[in-house]
Each structure stands twice: as structure tokens, then as C-alpha cells.
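S.K.: sequence below, structure please.
(3 chains)
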Amino acid sequence: MNDGLLLEGVSVMRGGLTICRDVTLAVPRGEITVLLGANGAGKTTLLDGVMGLAPLAGGAIRFGSRRIDGMPVYRRAAQGLAYVEQGRSVFAGLTVAQNIAVVDRSRAALAAAFELFPQLAGKRDVRADRLSGGEQQMLVIARALATRPTLLLIDELSLGLAPTVARSLLDVLAEQARQGMGVLLVEQFAEAALRVGATAHIMQSGRIARSEACGILLQDHASVLSPYFLAGTGADRDAGDSPR
Amino acid sequence: MTRARASWAVAVGFAAVLVALAVTLPDYWVFLLSTVAISALVARSVGLVAGQAGLVTLCQMSFAAIGGWVVSWMSLTWPALPYVLLVLVGGLVAGAAGLALGVATVRIRGIEFAVVTLGFAAALDLVLRQGSFPGVGSGTAVSPEAPFDEPLGFFALCWVVLLAVQLGLGALGRTRRGLAWSALRGSERAAAALGVRVGAAKASAVAIGALIAGLAGGLLAGQYGLLTTQIFTPLTSMVHLATAVLCGASLFSGAVLAGVFAVFIPELLRRIGLPPDIANALLALAAFDVLRRGNSGLAEQLRAKLDDRAFRGIRRSCEMGPLRAAPGAGAGAGVLADVGAGAGAAGAALADPAHAAGTAASTEPAAPPCLELAELTVAYGGQRALDAVSLTVRQGDVHALIGPNGAGKTTLVDAVTGFLPAYDGRVALAGRTLDGLSVQARVRAGVRRTFQQPRGIDAMAVDEYLRLAAAGSGAGPGAVDAAALRADVRDFFGLPGGEVPIRMMDVGSRRILEIAGALVSAPTLLLIDEPAAGLDVAQSIELAERVRRLPARFGCAVLLIEHDMRFVRAAANRATVLDAGRVIAGGATAAVLEHPRVVAAYLGTEIA
Amino acid sequence: MIDGVIAGLASGTAYAILAVCIVVLHRLVGVVNFAQAALGAFGAYLCYALAGAGMPLAPAALAGIAAAAVIAGFVGWVTARWFGGPGTTERVVVSVVLLIVLLTAGFRLFGDSPRVMPSLLPDVVFTVAGVRIALTTVVALALAVVIAAGVSLMLRHTHLGIRMQAMSERPVTVQLLRVNARALSIGAWAGTGAVSTLALLLVAPARNQTFESMSFLVIPALAAALLGGFANIWVAAAGGLAIGAIEGAAARIEGLANYRGALPFLLIAIALIWMRRRKVWDDAR
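M.R.: A predicted model of the protein is given here:
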């Protein structure tokens, strides 16, 4: 686990509020770690905190045994950490090839991207804002992978995508993981993520409420997960919270 | 009260020192002290327009030039008129020019507004250079009559004018118009949602700022006798802006400090043999340093420190605590939980009162509708943000609007509150159609919403904010005496004392204050956007309890956007679920949250 | 009248080039540089000071351009270290602070009397179809077009330009992709500083300028940049030329001549009021 990402007691702030509280989790290399939770649970804020886009209120972040929570954003990226933000952050005015070129203009980089996503090869000179949602998501992932990271943080991969498209992207990520990359996958929609993931953590109100192997959660996910998303009347929900 | 008393003490002390200096020092220094007052006037006008209302202005000295020009001209044409009158008229003419500029630029903001003011300053400078100020050609100086022709008399006049302006602004600051300026600085939408008429507020800030600068110009005419364009160049306007930012000239003390810097730093430089215009660069760099640290101006920093001391030990957060029965309140919907010990017990006890309320309500005749949406459709380009959404919020309901990210919830609230330019379908409030009405008209009709309040209202105290919020009053049912309502709201939410500056409150308490602000206007319909964000579990439960009781206690219906389902269960008796702009479920909260389609939408089971 | 327009075009090219610099800098670092002309003026005056001290004109000009680039680059370095989301007021005040400091320094170093400035190009005048055109005007015009075209092409086709475009669209994302945003900012400041100096060196001899009046050439440039919404390079360039032409034409009209400097303000105010008439709310949410 020495070369993965390690969060220890991390609290992240946004807009003056402490959104994530005391989060401890590990993202090992070579597998996909899934982070689930309802909207507003703090998942995006946590990723922003890891990357340096949101300030930390406490805790430590280690990447490959190095503490990175003091580093500016670009240096964290230089350590081998890549971040795919929510909402398909393509450079709209640039073409597909140019988007990749921002990172690495060599032919090899472009070829690698097209090998991963053959669908993009035919759209090489198309402006990024003319691509479909799925293609934009592919582009964003390809662009992040062009930085040759050792760990990839990815936020809400499947938002607004057709099911088959989302599934194929998840398969690509699974392949990358098999080749040794670590992935922290944040998802609102659980089932498909659980199929490719190794470990899942469920976030609720800024804390990790539960951690479980994906295989176990997958078996009965609707009833196991809906308390965290829809707060059913189970007693276990209240037992987990302590009044402050 | 202590803050006000302290200020009075300081003011009296300052005045005493000032008078003592003026009486004992030679004329040259009295002259300089008069200039301090005049510079302070200009600084105050910058502080008003840029500091309070957030409109960066680079032409205040040009308004001063207008004032000075008018005084020079009138003095030439009608030499018998009293000087003070001339100064006043000069100020009024400058104010009129400011009003014209403010009205013309009502849709121009931010950097564009700054560029327009700079262009105005340069243009006016050019026009003035073509001729000269009235009286210069014939060598006829503006000569104020006795006692103002004496240095001491003129000194007294300058400071009296400055004090009068400050008293005037202070009085204005307590009225709605004055408070509206602060709301403007953060966000025009949030100000409008409080019922502020944004265009009028902007134009009035520019006009009054111009008037104050015009008064300063008139005084300069009396001091110099013969004016030149050198006094009023765009550079001087810019230096005044930098100095005002450095000193925090939205406060009186900051304006005086700015005047002191503007006069005595060059004087000091002159005495040690350096060129006095270096003062401009020094002041500018000091302003940069203040900004770089993310601080506000010097006077504002001082006041913040004094406030910290004055309010130490005074509660500055909202403490709601367990809910007590309202004095003489009605039965309300469902059981009033007599909550004893901690929040955990409260959580369990409140596990499903909404459910109980739902079943109770279903056996009674339905309450009349408060908000009705019929086939509401909003399309941007080819995309439909809302697709034929119909929903009804009945009087007495707390109705939750839930759904995944991007489902259209905020768009719906924008449509109801009037922030969308156009939509199809019908929005009606208590039977009355709202379509086509402006934001302010809907606020007057009784629709209030919360926004994430930005920094603009930092300068206010709790009571001032409540007064501003109340003034856009709706015609909600049961709206009694405003002060009684305010007291009731304050008690209900456990707000901190009225004098507490909002700047000192934590963000969670500020959001609660925002809801309180919406309530003091006795609205018919209240739209609350994610109230639980960032609150901890105990606060969240307490707030949910209160939201649930809002219709009974304050007579308004509530539409609530929220992601925290625990909050929704505790607070709302009915819910509607949106997904991709369409309603996919609606009804009693508990039933909706167990609906298989809703579960699927949230868990994304469809994508597997 | 045509003569006036042509004469005005000479200044118009300076407005155009300055406007393009303002637009590029705004797109890249989000600051509207009120001191754009002042930076160029600094370089120009340094060149004149060196030439007056005996240096041949060409190296003096290069020295001036280099100095302006260094000063501007320094400003870029200072602001890049700090800017992390300040609001409009802060950005405007910083820009104003820069202008004040430059005006003060310029006044101290170069005084405030109008200076006779050596022209970079020989004082040749052509007569085409009865209209007199100075060589300087032609060259300046060509330079304006080359710069506008060059910047557009650079942004679209070079690697550096692509990174700059990416940065202007999404400054945060670009940092996540390991692009050195700070170096790009400094480079943009330095580049625009150098180009501004060149523009003013070409145009200055035609007008008797003081340091201060040269610095306030930024106002018509701002007006032109505003027309393009601080984003469109070609509109800014065309706007600058148009403003120059209108000023030149007005110089030939009896009553207007002395007031023609006020035209940019009037034009921009009217244009803005018209363009923004529908924008009911500001962008803050």
C-alpha cells in the first residue's frame, strides 16, 4: 500500500463550511476503489481536497509515502496524480487532438489516446464542444491519462451518459487498473461502479459511514444502499450518528 | 449600545483635538486641515460608491470638478450670493450629473462600469482643458464672504460640511435605501430577492456619491479661488480610489484617515526633501498590500478588532435548541414532540411525524393551493431543463423538491421567483397568476427565496439585515405588527443579538439568518434552497423541526430543495421528485421516498 | 476629410495594438490592464532617453522594448503569486495601482514636458490618389494587422497558443494537467508589454506626447477592447482603427476638433448601453 493514496483523518472545507469530516481511506494501486454517496455527501469536496482545490481543515494526505497536503495543485499533479473533474471539463474551443496536445503534443500520446478510445480517432479535428457526452467523457479521461499518472481520481463518470457508454468507460478504467494504475471512482449511481470496483466506501454527511468489499455490497445493493441515499427508517441509521 | 457610545466618545475627543489644533496652529496648518476635510469628503464618496455599493468608480474628482465649476461660474455671475449656497448648488448639479450617469449605466457592471467611469473622467478632463474655469480668464477668484474668508472660518465650514454629510449618510444607512446598497455589493439577484429595486439602488448610490464629491469641489473652489484642471485629473480620481481602499473609506473614520494620508504624506515628503507626488505611488502600493492580504481597509480592520473585543463572550451563532411550544400557537400539523434530552432521542422521536401528519391530513379536506405550477416548461437551446412540470403546494404544506444533480430544481425555483426571462406554462400564487411579473413584483406578492448570501451583507448587523428583509413585505396571512414578528422569528431560530455584526457569525448561522430574514416579511410562499448544507447532525435536526412548523407558526407554505433525505423526512410532509426535468413521483414524503422509481433514479439501477 | 481619417489611422493603429494586448491579457489572466499603454510608454521613453544620451536609435528601441517586457513580466510574477479568485473590485484596483505607480515613476524619470521624439522610420510621405499617407502610418497599419493575425494564429495553431487558450477557458483544469500556468502568465505580460512599446514607438512621433498623455492612450484602447467584450481580438483591432479614424475625421471638423478626444468615451458608453440592454442580472449567483 506504500505507493497508493492514503487519507488520514482528512477534513475538507468549502465556502467556510467543513464539508468532509475525519475521512480515512486508502486507494491502493492496481485496483478500483469506489466512493459512493448521495448528493451533498461531500464526495466531490473530498476529491477537491485531495487535489488541493479546496482547503484542508485537518488530517494528512499521503501519496506514495510522501505527504502532499502542503503542495500546490500543479505539484500534486506532477507527483502522478490525475483528476477528472465532474462535468466533462473539455476545452470547448479546441479540437480533440488539441485537447490532448495541451498535455503532450507528441504523436505517441495521441496514438495512445486513440488506441484506448478508437471512437475518438475519427473525430480528431472536431471541436470538443461538438462531441457527444460520451465522447467528451472519453476525451477527458484520455487527456488525464496522457499525463501518465499512477493514480486517477474520477468524479461522477456516468453522469448524463447512456448506460452502455458508461459501462464501456468503466471497463477501460478496469483495464488501466489491471495494468497497475490506482483509481478512486466517485459515483452517485452505484451498481455499475460496484461491478468493476474492489472496495467501496459509502459517504454520508461528510463522513465515511461504511466500507465494504464491492462484491458483498453488489449482492443486495438496493436494500443495503438505499438507507444512505434515501434515509429509510432503519434503526442502524441513527445508531451510527452521535449527537454533538 | 457600547459600540455607539464608544464612537461618540471618540468623535467628541477627535473634535476637541481638531479645534484645539486649529486655534493654536498657524494659518498654513489650518489650511492643510481644511484640505483634510475636503479630501475626506471625496474619500467618503468613493467609499460609498465602491466600498458600500460595490461599483468601482474612477471619476469622483470629475464630479468634484463639476461642483467646482458651478461654484466658480455662479460666483462670477452672481457675486452677491452666499458662498454656502453656491457650494450646495454645486453639489446638487454634480449629483444630477451622477444620477444621469447612474441611470444610463444601470445595466453596466463591474469592470465595464469602471472603464466607463474612467472614460468619463478623461473626457471631462479634456473638455475642461479646452477653456478654463470660470473667472480664471479675468482673474476673478471665488471669494467666500466672511467669516469664510478667514482660514479658521473656512476650516470650520469644511468640517461642518463633512460632518453633515456623514450624519446624512448615517441616517440614510438606517433606511432601506442605505441597507440596500450593501446588499447590492454581493449579488444583484440576492438583493432583488429581498425586494430591493436594483436599478434604483445603483443609480442612487452613484448620484449621492457624485453629490458629495460635488460639495468637495465647491469647497475647493473657495479654497483655491481660481481652479485649474490639474486638481481634477483622472489620476487624482484614481489615487483617491486607492487611498479609499487602503483606509476603508466606507466608514467615517476611514474617510478622515484617507484625508489625513492624502494631505500629510505629501507634506511629510516635502519636508524631508523628496518630491511630494511620490505619495501617490506609496498610497497605491499600500492599497495593493492591503488587497494582497485579503484584508479590508485600515479603518474597517480596526473596527473588526474592536467588534471582536466588544462582542467577546456574546453569543454570535444561532442556537436553536429543543423546540418549545409557541405562545398561543395553533395546533400545527402533527404531534408537537416534547423533546427532552439530546438530539439522538429527538431524532428517534421525530422519526416519522411527517408520515403521521400525512395520514392525518389525508382524512381532512385538502387545504387551498398556495403555489400551483401547470405544465411549466423551460427550454435552453435544444435542451429542456423543465418538461411540463405540474405541482401543487398547498397552504400549510412543507413540500420538498428532490432529485439527482441537474434535474432542474434550481431552474424551477428561478421560474417561480421570476429570475428566468421566459417560460411556458403557468405559475400561480394563491390563485393569482404570476407570469410576466418581475422579481420585485413577485416579492411584493409574497414569494421569498433564500440564496447563499454573499459577502455584501457582511457589513450589517443582524437587526439591520432583518429590517432590510422585512421592508419588501408580502401580504402573507397573519402578518401582524412587524416588530412582534421580528421578535417571534428571532426567538424561534435562536438568533444572536440584534447588534451582532453578521461578519462574525459562522456560515451555518448565516444560512439560518437568511431563512429568518425571509420570514420577517410575512411571505405567502417561502422557497428554501439546501438549508442543511454544512450543518452538523444536531443542528440539522433542530432546523428540520422548525422548518416543519413554519406553516403553522408563520402562516406560509414552504417549498424546500434538499439532498439530505433525513432532513426531508423530518421537515416535509409532501415531496415531488424531479429527474431530467420531469416529475417522476409526488405525494406524501414517506411514500415517495419508498417508490421504486425514485429508488432506481437515485441508485442508478437503470444503468446496470 | 480623407486626409483626416488617414492621419487618424496612425493613432488608430496604436489603439488597435494596445486593444489586442488588453484582450489577450484579459483572456489569459483575467485582468483588464489599465496600465497597458503606460508600460509601453515606459519602454518608449527609455528608448528616447538612451537615444538622447547618444545610443543609436535601433539598439535604444530594443532596450526600451526589453525593459518594458521585464517590468511587465515582473508584474505578472507578482500577480500570479497572489491571484486566486479575487473579485472584480480587487482586480480593478490592482490594475489602477499599477497605473498610478507607473505614472508616478514616469513623471519622476521623464518629466512632463512634451518631447520631440525621433521616428523609427524615415519621414516619407506618399501621395496616393490625391491622399497623403505617411510611411509610418502604412507600417503601423501593417503591424496592427500582423499582430492581430499573428496572435489569432498563434493561439489557434501553436502549442503555446493552445495551452494559452486552454488556460483562458479553464484555468483550474489546466493546472491539473501539469501546465505551468504561472510561466504562461508571466510570458503573456512580458509579451504584451513588449508589443505595446513597439506600437507606441511607431506612433508617438506623430503626436506631441507627454508620458502621461501617452499612458492615457489606454482609454481608446479600452473602448475598442470593450467592443469585443474583452474577448474578441479582431473586433478589438478593428475597433481601435475605427476610433482612430473617427478621431481623425473629427479633427477636420471645426467645432469638434478640440473635443475629439472625448469621442471614445461617448462611443463606448452608447455601444455598451445598447449591447447590455438585455442583461438584467449580473453574473454573481
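S.K.: contacts for stretch A:85-102?
M.R.: Stretch A:85-102 is contacted from outside by A:44, A:109-110, A:113, A:120, A:123-129, A:131, A:133, A:136-137, A:139-140, A:142-143, A:146, A:155-156, A:159, C:159, C:162-163, C:165-166, C:169-170, C:173-174, C:176-177, C:179, using Cβ atoms under 8 Å, 6 or more residues apart in numbering or on different chains. C-beta here means a position set from N, CA and C on the backbone, and glycine is covered the same way.
S.K.: what's around B:Gly248, how many residues?
M.R.: Using other Cβ atoms under 10 Å in any protein chain shown, B:Gly248 has 26 neighbouring residues.
S.K.: before we move on, what about B:Val598?
M.R.: 22.
S.K.: ok, it - contacts?
M.R.: Neighbouring residues of B:Val598 by Cβ under 8 Å, 6+ apart: A:230, B:577, B:584-585, B:592.
S.K.: so it sits in a helix?
M.R.: Yes - using DSSP: H, G, I helix; E, B strand; the rest coil, the assignment for B:Val598 is a helix.
S.K.: near chain B, list only the ones from the contacts of stretch A:85-102.
M.R.: When contact is defined as Cβ under 8 Å from any Cβ of the partner chain, these meet chain B at A:156, A:159.
S.K.: can you select the buried ones from the contacts of stretch A:85-102 in PyMOL?
M.R.: Entered in PyMOL, the line below selects the buried ones among these, by 16 or more other Cβ atoms under 10 Å in any protein chain shown:
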select buried, (chain A and resi 44+109+110+113+120+123+127+128+131+136+137+139+140+142+143+146+155+156+159) or (chain C and resi 162+163+165+166+169+170+173+174+176+177+179)
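S.K.: keep only those of the contacts of stretch A:85-102 that are in strands.
M.R.: If you go by DSSP state E, the contacts of stretch A:85-102 have A:Asp155 in strands.
S.K.: inside helices: which ones of the contacts of stretch A:85-102?
M.R.: A:44, A:109-110, A:113, A:120, A:133, A:136-137, A:139-140, A:142-143, C:159, C:162-163, C:165-166, C:169, C:173-174, C:176 (DSSP state H).
S.K.: where does chain A have low pLDDT?
M.R.: A:1-2, A:39-40, A:160, A:189, A:221-222, A:226-244 (pLDDT under 70).
S.K.: make it 50
M.R.: Applying pLDDT under 50 to chain A flags the ranges A:1, A:232-244.
S.K.: longest single helix anywhere in it?
M.R.: With secondary structure taken from DSSP H, chain A has its longest helix at helix A:163-178.
S.K.: likewise for chain C?
M.R.: Ranked by residue count and defined by DSSP H, the top helix of chain C is helix C:2-29.
S.K.: list the buried residues in the very next helix or strand once past that helix.
M.R.: Note on helix C:2-29: by DSSP states H and E, the next helix or strand toward the C-terminus is helix C:36-52. With burial defined by 16+ other Cβ under 10 Å, the residues of helix C:36-52 counted as buried are C:36-51.
S.K.: ok, now stretch C:145-159?
M.R.: Under 16+ other Cβ under 10 Å, the buried positions of stretch C:145-159 are C:147-148, C:151-152, C:154-155.
S.K.: strands - which of the contacts of B:Val598 land there?
M.R.: Cross-referencing the contacts of B:Val598 against strands under DSSP E gives B:577, B:584-585.
S.K.: could I get the average pLDDT for the helix or strand containing B:Arg486?
M.R.: Taking DSSP H and E as the criterion, the element that holds B:Arg486 is helix B:482-493. When pLDDT is averaged over helix B:482-493, the result is 88.
S.K.: quick one: name whatever helix or strand follows that helix.
M.R.: Beyond helix B:482-493 toward the C-terminal end (DSSP H and E), the next one is helix B:507-519.
S.K.: same for that following helix, what does it pack against?
M.R.: Using 3 or more Cβ pairs under 8 Å, 6 or more residues apart in numbering or on different chains; DSSP states H and E, the elements in contact with helix B:507-519 are strand B:447-449, helix B:462-471, helix B:482-493, strand B:525-529, helix B:537-554.
S.K.: what about it, average pLDDT?
M.R.: Mean predicted confidence for helix B:507-519 is 86.
S.K.: tell me what angle that helix forms with helix B:482-493.
M.R.: On the basis of axes from the mean of the first three to the mean of the last three Cα atoms, to 10 degrees, helix B:507-519 is oriented at 150 degrees to helix B:482-493.
S.K.: now do helix B:507-519: distance to the chain's middle.
M.R.: Between the centre of helix B:507-519 and the centre of its chain there are 15 Å (Cα atoms, centre = their mean, to the nearest Å).
S.K.: fine by me, thanks again.
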